[in-house]
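Visitor: Need a 3D model of the following:
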Amino acid sequence: MWERDRFMSPDGGNGGRYLAGLSTLSLRSFTSTDDVVQAILELIVDYLGLRTSFITRINQEQNQNTVTAAYNRAGGSDVPSPIDLTLHQTF
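Guide: From the prediction side, this is the model:
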């Protein structure tokens, strides 16, 4: 079974749990786009068993990678946001 199918499967794995979390998130009211992004990053951390999740934007013309949002749990990578990094400094 493809990993994607496990998330969407009505019977297998944690599909129901993942869809329930997304459904709950879709019913919430948010005051800003930043609040939505933080909620999604937290959901990713919870469901995938991570301690850190983040979103980046790459600007090739400026040779720059910008972390636009991050969610860090205790023991995570403590990725700061926002932060600009030159591409040679990134992984």
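Visitor: from here on, contacts and neighbour counts on C-alpha atoms
Guide: Fine.
Visitor: In three-state terms, label residue 56 for me.
Guide: Assigned by DSSP: H, G, I helix; E, B strand; the rest coil, the conformation of residue 56 is strand.
Visitor: show me where pLDDT drops low in this protein?
Guide: Applying pLDDT under 70 to the chain flags residues 1-16, 89-91.
Visitor: what residues does the longest helix anywhere in it touch?
Guide: Looking across the chain with DSSP state H, the single longest helix is helix 33-48. Applying CA atoms under 8 Å, 6 or more residues apart in numbering, the contact partners of helix 33-48 are 18, 21, 25, 30, 50-54, 69-71.
Visitor: Now which of the residues you listed would you call buried?
Guide: Buried members of the contacts of helix 33-48, counted by 16 or more other CA atoms under 10 Å: 18, 51-54, 69-71.
Visitor: Just those residues: which are in strands?
Guide: Mapping the buried ones among the contacts of helix 33-48 onto strands (DSSP state E) picks out 52-54, 69-71.
Visitor: among the residues you listed, which two are most distant?
Guide: The most widely separated members of these, counting by CA to CA, are 52 and 69 (10.8 Å).
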